[in-house]
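Q: give me a model of this one.
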Amino acid sequence: MARGLRWRVAILDDHERSRAALRGAIWAAGGEVVGEALRCADAVPLIERASPDAAIFAVGLPDGDGIEAAAHVIATTDCPVVLFTSHTGDDFVERARAAGVMAYLLKPLRPAELAPALDVAIARFKENRQLRQTLEGRKIIERAKGMLMARFGLTEEEAFRRLRRAAMDSRKPMVEIARALLVSESVARGVPTE
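A: Numbers count the residues shown, from 1 in each chain. I've put the predicted structure just below:
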């Protein structure tokens, strides 16, 4: 991020007036609009090209549903999505939550709500990403412990101690040691790794 720049934002909305309001509010809050698109089909290419810190998606777009576009972007890129809509029904909010949307802005835009929504969305997205990485790391460590237990007849505690000692001796995170152990075991057995 450029020095002094609060965030880089992409906008997916087919209404020029809405995009103009968002551009003005983003700029006034110290951010920058790094790309705009009008159709769901352009959502992923927009995010991949612009690499924004966050994206703001309208819901009713000419070629589809902004919530579905948001779900696709969230699943395939590393970008939090904020919805920008006039819809407030429970079903609608639940669909947005299930899609992984990080925040919600109601139309018409109230500029004072934009910065907190983007700040919260970006922070929550980072926290979720860290939690996913931690969970994936724990799964790898559990698999490595299981492999050590089966191969050497160790208890779970003994297997954990071996992994921890190897991590300390090599000054590497335990998950890296566990991953390397699983890879070397799969190579030795001729089994592809996941």
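Q: so the residue positioned nearest the centre of the chain, which state does it fall into?
A: In the chain, the residue lying closest to the centroid (C-alpha atoms, centre = their mean) is residue 78, at 4.6 Å. Assigned by DSSP: H, G, I helix; E, B strand; the rest coil, the conformation of residue 78 is coil.
Q: my guess is it contacts residue 126. True?
A: No: if you go by C-beta atoms under 8 Å, residue 78 and residue 126 don't touch, sitting 10.1 Å apart. From N, CA and C alone the C-beta is placed, and that goes for glycine too.
Q: for the helix or strand where residue 185 lies, which helices and strands make contact with it?
A: Residue 185 belongs to helix 174-189 when assigned by DSSP states H and E. Counting contacts by 3 or more C-beta pairs under 8 Å, 6 or more residues apart in numbering; DSSP states H and E, helix 174-189 packs against helix 111-152, helix 156-170.
Q: any idea of the angle that helix forms with helix 111-152?
A: 50 degrees (axes from the mean of the first three to the mean of the last three C-alpha atoms, to 10 degrees).
Q: so which bits of helix 174-189 are buried?
A: Buried residues in helix 174-189, counted by 16 or more other C-beta atoms under 10 Å: 174-175, 177-179, 181-182, 185.
Q: just the mean pLDDT for it, thanks.
A: Throughout helix 174-189, pLDDT has a mean value of 89.
Q: which outside residues touch it?
A: Taking contacts as C-beta atoms under 8 Å, 6 or more residues apart in numbering, the residues outside helix 174-189 that touch it are 137, 140-141, 143-145, 147-148, 151, 163-164, 166-167, 170, 192-193.
Q: re earlier: now the helices and strands packed on helix 174-189 as a markdown table including distance to residue 37 and mean neighbour count?
A: As requested, the helices and strands packed on helix 174-189 are exported to a markdown table (distance: least, C-beta to C-beta, whole Å; neighbours: other C-beta atoms under 10 Å):
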| stretch | distance to residue 37 | mean neighbour count |
| --- | --- | --- |
| helix 111-152 | 18 | 15 |
| helix 156-170 | 45 | 14 |
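Q: now distance to residue 60 and mean pLDDT too, for these, in JSON lines please.
A: Below are the helices and strands packed on helix 174-189 laid out as JSON lines (distance: least, C-beta to C-beta, whole Å; pLDDT from 0 to 100):
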{"stretch": "helix 111-152", "distance to residue 60": "19", "mean pLDDT": "93"}
{"stretch": "helix 156-170", "distance to residue 60": "51", "mean pLDDT": "93"}
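Q: show the pLDDT at the residue of the chain most remote from its centre.
A: Centroid-distance maximum for the chain: residue 153 at 39.4 Å, with C-alpha atoms, centre = their mean. As predicted, residue 153 sits at a pLDDT of 93.
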